[in-house]
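> Okay, predicted coordinates and the sequence, questions at the end:
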Amino acid sequence: MEYSVAKRTESFQESVIRKMTRVCQQYGGINLAQGFPEKSAPEEVIQAALQAIQGGNNQYSITWGLPALREAVSQKVSRFNLNGRRPDPEKEVTITCGSSEAIVASLLALVNPGEQVIIFEPYYENYLPGLALCGAAPLFVPLRGPEWAIDMKALNKAFSRNPKALILNTPANPSGKVFLREELEIIARLCLKHGTYVITDEIYEHIIYDGLKHVSIASLPGMWERTATINGCSKTYSVTGWRVGYVIAPYGLMSAIRKVHDYMVVAAPTPFQIAAITAMALPDSYYWDMGEHYREQRDFLLQIFQELSMPVLRPSGAYYMMIRIDGLGYDNDEALAMALVEKAGLAVVPGSSFYHRPEDGRDKVRICFAKSWETLHQVKERMEKFLRS
Ligand SMILES: Cc1ncc(COP(=O)(O)O)c(C=O)c1O
C-alpha cells in the first residue's frame with residue numbers, strides 16, 4: 001500500500017536525539033543525548049501534584065491555563081524578566097503543554113506560509129520542524145565558536161529580507177551561548193527597523209554561569225510589543241514529563257496564539273498546573289542553588305575533558321557541552337557517536353544535527369550534563385576506557 005502523506009512532513013526527519021536515546025537503550029548505556037535532568041524535582045512541588053490528583057483536579061482546565069497559575073507566572077516574570085512589568089494574567093499569559101507547544105503555537109499564530117524566519121545556528125532541533133509546519137523558510141545566521149559570536153554580516157543580510165520573525169534562544173541549546181545585552185540591543189534595533197517579531201525561548205534562564213545575567217529581549221525598549229517570550233517548568237524544576245510551559249505576549253499576538261493552542265491541545269495537564277503554582281513561589285535561593293549545582297557539574301566535566309585532552313566549547317549557560325572530536329580518529333560525528341555508544345555505552349548527539357549544512361557540525365558532538373554525580377563519575381571512567389581502547 002502506498003500512502004500519501006502531507007508534504008509538510010517530508011522536510012523533517014526522525015529526531016536524532018530520540019534516535020540516539022533508543023540506540024542507548026539497546027546497549028544499556030548512559031544517555032547523555034537527551035536533555036532531561038536526573039536531579040529530582042523539589043519535594044513540595046511533587047507533593048502539590050500528588051495532592052492535586054488525589055483532590056480530584058483531573059479534568060480540563062480553562063484553555064489559557066488556571067487563573068492562579070497565570071497570576072503566579074505573571075509575578076515570576078515581572079520578578080526575573082521584564083524589569084517589573086506585570087503581564088496581564090487575563091490577556092498576556094497562556095499556559096501551554098511545555099515550551100515545545102508554545103514554540104509551535106507561536107510560530108503557527110504569527111508566521112504565514114512563504115514568510116521568512118531568522119534562526120541562529122547551531123539551533124535546537126525543534127525549531128526547523130516548527131517552521132516546516134508553517135510552510136515558512138528559515139534564514140540561518142551562524143554563531144561562530146569558540147565564543148559563539150553572532151555573524152553580523154549574515155545577521156544584517158538576513159534582516160535585509162524583512163523576515164517576519166526571529167527565533168532567539170538564550171541561554172542556548174546546544175551551544176550554551178548566553179546572548180549579552182549589547183547583542184540583544186543590536187537584534188532589537190534590527191527587529192524594530194524591519195518590523196520583525198521575536199519568539200524567544202528562555203527555558204534555561206536560571207542555568208547561567210560565570211556571573212552572566214539573563215536578559216529577556218522583551219524588556220528592551222520597544223520590544224514588549226513584538227515579542228512572544230516562552231518558558232516552562234521542565235528544566236527549572238526538573239519535571240520534563242509534566243508538560244507545563246507558558247508564553248507571554250501582548251494581547252494582539254496572544255489572541256492568535258491562544259486560538260492555535262486551544263484547537264491543538266485544549267489545555268495543559270490540570271494537576272501539574274496546580275503543582276506549578278507551588279514551583280513558581282519558590283524563593284530566589286532555589287534558583288541560585290540550582291545554577292550552582294549545574295555550574296559545579298559543568299566545571300567537573302570541563303576538568304575531565306581537559307585531562308583527557310579533549311577540547312570542549314565552554315558553555316556559559318544551559319546544561320549542554322559541545323566537544324570537539326577532530327583528533328579522535330573517527331571520520332565524522334556520527335561514526336564517533338555510534339562507536340561511543342557501542343564500545344563505551346555513552347550516547348551523545350552528533351553535532352551535524354544542529355546545522356542545516358551537516359558538514360558544519362561534523363567536528364563536534366553534544367552531551368547533556370544534567371546527570372547525577374554518580375553518572376558523571378561513570379562518564380569519566382567510560383570515556384577514559386574508550387580513549388585507551
Ligand atoms: C531550547 C529548548 N527549548 C525547549 C525545549 C523543550 O522544553 P519543554 O519540555 O518545555 O517542551 C528544550 C528541551 O530540550 C530545549 O532545549
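Right, received. Where do you want to start? Numbering: from 1, shown residues only.
> just the CA coordinates of stretch 14-21, formatted as CSV?
The C-alpha coordinates for stretch 14-21 follow below in CSV (Å, rounded to 0.1, in the frame of the first residue of the first chain):
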residue,chain,number,x,y,z
GLU,A,14,13.1,11.5,12.9
SER,A,15,14.6,13.4,15.8
VAL,A,16,18.3,12.5,16.1
ILE,A,17,18.2,12.9,19.9
ARG,A,18,15.3,10.4,20.3
LYS,A,19,17.1,8.0,17.9
MET,A,20,20.3,8.1,20.0
THR,A,21,18.1,7.6,23.1
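> Near the ligand, which residues of the chain? Just list them.
35, 98-100, 124, 169, 173, 201, 203, 232, 234, 240, 245 (CB under 6 Å from any ligand atom). Glycine gets a C-beta too; all of them are placed from N, C-alpha and C.
> just the buried members of those residues?
Among those, those classed as buried by 16 or more other CB atoms under 10 Å are 35, 98-100, 124, 169, 173, 201, 203, 232, 234, 240, 245.
> Just the ones of those residues in strands?
169, 201, 232, 245 (DSSP state E).
> Just the pLDDT for the nearest residue to the last one once chain neighbours are set aside.
Once its chain neighbours are removed from consideration, residue 245 has its nearest residue in residue 232; the separation is 3.0 Å (CB to CB, 6 or more residues apart in numbering). Reported pLDDT at residue 232 in the predicted model: 98.
> Now residue 104. Its backbone dihedrals?
In terms of degrees, to the nearest 10, the main-chain angles of residue 104 are phi -70, psi -40.
> what's around it, how many residues?
Neighbour count for residue 104, taken as other CB atoms under 10 Å: 23.
> can you give me the strands for the stretch 1-150 of the chain?
Here the stretch 1-150 of the chain has its strands, by DSSP state E, counting those that start in this stretch, at 30-31, 93-96, 116-121, 137-144, 149-150.
> ok, and for the longest one, which residues are buried?
It refers to strand 137-144. For strand 137-144, a neighbour-count test (16+ other CB under 10 Å) marks 137, 138, 139, 140, 141, 142, 143 as buried.
> what sits opposite the first one in the beta ladder?
The residues paired with residue 137 through beta bridges, assigned by DSSP bridges, are residue 116.
> Report the contact partners of the closest residue to the ligand within the chain.
Residue of the chain nearest the ligand, by CB to the nearest ligand atom: residue 98 (2.8 Å). Shown in contact with residue 98 (CB atoms under 8 Å, 6 or more residues apart in numbering): 232, 234, 240, 243, 244, 245, 268.
> Could you dump the residues you listed into JSON lines and include distance to residue 307?
Listed next are these as JSON lines, based on distance: CB to CB, whole Å:
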{"residue": "232", "distance to residue 307": "36"}
{"residue": "234", "distance to residue 307": "32"}
{"residue": "240", "distance to residue 307": "31"}
{"residue": "243", "distance to residue 307": "39"}
{"residue": "244", "distance to residue 307": "39"}
{"residue": "245", "distance to residue 307": "38"}
{"residue": "268", "distance to residue 307": "44"}
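> Closest to residue 387 out of the residues you listed?
Within the contacts of residue 98, proximity to residue 387 (CB to CB) peaks at residue 240, which comes in at 31.0 Å.
> The closest one contacts residue 39, doesn't it?
No: at 11.0 Å, residue 240 does not count as touching residue 39 under the criterion of CB atoms under 8 Å.
> which residues does the residue nearest to residue 245 contact?
By CB under 8 Å, 6+ apart, the residues touching residue 232 are 96, 98, 99, 102, 203, 244, 245, 246.
> circling back to that earlier point, which among the strands of the stretch 1-150 of the chain is found nearest to residue 83?
Among the strands of the stretch 1-150 of the chain, the nearest to residue 83 by CB to CB is strand 93-96 (16.9 Å).
> which strands and helices sit next to the closest one?
helix 67-80, helix 98-110, strand 245-248, helix 251-265 (3 or more CB pairs under 8 Å, 6 or more residues apart in numbering; DSSP states H and E).
> So which of the ones you listed has the densest surroundings on average?
Among these, strand 245-248 has the highest mean neighbour count (mean count of other CB atoms under 10 Å), at a mean of 29.
> gap between that strand and the chain center?
Here strand 245-248 is found 13 Å from its chain centre; the criterion is CA atoms, centre = their mean, to the nearest Å.
> That strand pairs with which strands, parallel or anti?
strand 93-96 (antiparallel), strand 227-232 (antiparallel).
> CA atoms of the shortest one as CSV?
The C-alpha coordinates for strand 93-96 follow below in CSV (Å, rounded to 0.1, in the frame of the first residue of the first chain):
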residue,chain,number,x,y,z
VAL,A,93,-0.2,34.9,29.8
THR,A,94,-1.1,31.4,28.4
ILE,A,95,-0.1,28.1,29.9
THR,A,96,0.9,25.5,27.3
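> before we move on, the earlier item: got TSV for the strands of the stretch 1-150 of the chain, with mean pLDDT too?
Below are those laid out as TSV (pLDDT from 0 to 100):
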stretch	mean pLDDT
strand 30-31	94
strand 93-96	98
strand 116-121	98
strand 137-144	97
strand 149-150	98
